[in-house]
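[1] Quick check, what structure comes out for this input:
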Amino acid sequence: MRSKERRSLLLETLRTGEVDVDDLASRFGVSASTVRRDLQHLSSTEGVRRTYGGAMLAHPVAEESLNQRQSVNGEQKSAIAKAALALLAEDDIVILDAGSTVSAFGCLLKRRRHRIITNNLALLPTLSDSPETELVVLGGTLRTTSMSTVGPLAMDAMRRLTADKAFLSADGVVAGRGLCEASLDQVALKSLMMEQAREVVVLADATKLSRSNQSAWAQLPCRWTLVTDWRASDEDCEAFAACGASVIRAAADA
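    Residues are numbered from 1 along each chain as shown. All right, here's what the predicted structure looks like:
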């Protein structure tokens with residue numbers, strides 16, 4: 001493979017998140033020193049930043065809007081939502097954060113008997129029409145890209161509440177590292193949601209697994225549950241299980 005072609009492929013790989021030199025060397029069938037030279041070249045011409053043992057794009061990938069995310073992987077998100085529903089006990093107090101997969105799950109809670117604590121404003125039209133549901137909305141600063149609230153007001157309200165289960169989404173989920181998002185406000189609130197819940201459930205389709213293309217991180221607890229879809233690789237699932245996750249793969253016909 002010519003260096004120009006290899007560097008183009010390297011740059012495309014970097015768009016999915018941080019990469020490791022040894023993994024790239026194995027993937028492209030070249031030496032680690034060749035990969036380092038390629039990354040050094042890209043760092044001077046293509047906005048790539050070197051990291052310990054690897055590299056990443058100097059600027060995080062632009063965050064997609066909620067509408068854009070809702071139009072992608074709809075079948076998988078629906079299957080994940082249905083699989084996650086089986087984790088709920090009657091009368092559980094539930095925390096829902098923002099995100100298209102959590103929104104798909106939240107829509108299934110209509111007319112169920114739960115207290116729902118959420119910063120997900122997109123769910124309000126659906127859940128406010130459910131008399132069996134007690135809806136607690138976290139105030140705060142509006143994030144228009146996700147139609148959610150964040151910031152000190154949301155954090156203060158969340159500290160006053162506890163729940164049985166927190167259902168969270170993320171821009172990326174990395175075994176042993178946690179959840180990544182575009183802003184510190186998001187991960188600060190997610191971290192607090194996890195602290196205030198007895199159990200943590202992450203809803204993430206297979207494209208989010210091992211993706212690290214944003215710069216803000218929330219650490220996951222020692223024990224948690226990952227609900228993903230049937231496309232998730234055995235390698236990814238085994239890596240998450242080794243880091244304390246109970247992994248559920250939703251079936252295609254769920």
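[2] List the buried residues for the helix or strand containing residue 6?
    Assessed by DSSP states H and E, residue 6 sits inside helix 3-14. For helix 3-14, burial by neighbour count (16 or more other C-beta atoms under 10 Å) applies to 6, 7, 10, 11, 14. Bear in mind the C-beta positions are built from the backbone N, C-alpha and C, glycine included.
[3] neighbouring contacts of stretch 151-161?
    By C-beta atoms under 8 Å, 6 or more residues apart in numbering, the residues outside stretch 151-161 that reach it are 95, 117, 119, 136, 138-141, 185, 188-189, 192-193, 196.
[4] circling back to that earlier point, pairing partners for the helix or strand following the helix holding residue 6, with directions?
    Using DSSP H and E, the helix or strand that follows helix 3-14 towards the C-terminus is strand 19-20. Applying DSSP bridges, strand 19-20 is found paired with strand 54-57 (antiparallel).
[5] what about stretch 144-151, average pLDDT?
    Per-residue pLDDT over stretch 144-151 has a mean of 91.
[6] Figure out how far it is from the centre of its chain.
    In terms of C-alpha atoms, centre = their mean, to the nearest Å, the centre of stretch 144-151 is found 15 Å from the chain centre.
[7] ok, now stretch 163-171?
    Distance of stretch 163-171 from its chain centroid, counting by C-alpha atoms, centre = their mean, is 10 Å.
[8] worst-scoring helix or strand of the protein, pLDDT-wise?
    For the chain, counting by mean pLDDT, DSSP states H and E, helix 66-70 ranks last in confidence among helices and strands (a mean of 52).
[9] Dump the C-alpha coordinates for the helix or strand following it into CSV.
    Under the assignment DSSP H and E, the closest C-terminal helix or strand after helix 66-70 is helix 74-85. Listed next in CSV are the C-alpha coordinates belonging to helix 74-85 (Å, rounded to 0.1, in the frame of the first residue of the first chain):
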residue,chain,number,x,y,z
GLY,A,74,-33.8,3.3,14.1
GLU,A,75,-34.4,-0.5,14.0
GLN,A,76,-31.5,-1.1,16.3
LYS,A,77,-32.5,1.6,18.8
SER,A,78,-36.1,0.2,18.9
ALA,A,79,-34.8,-3.3,19.6
ILE,A,80,-32.5,-2.0,22.4
ALA,A,81,-35.4,-0.1,23.9
LYS,A,82,-37.6,-3.2,24.0
ALA,A,83,-34.8,-5.3,25.5
ALA,A,84,-34.2,-2.6,28.2
LEU,A,85,-37.8,-2.7,29.2
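[10] Contacts only, for the residue nearest the centre of the chain.
    Central residue of the chain (C-alpha atoms, centre = their mean): residue 170, 1.7 Å from the mean position. Applying C-beta under 8 Å, 6+ apart to residue 170 gives the contacts 99, 179, 180, 181, 190, 202, 204, 208, 218.
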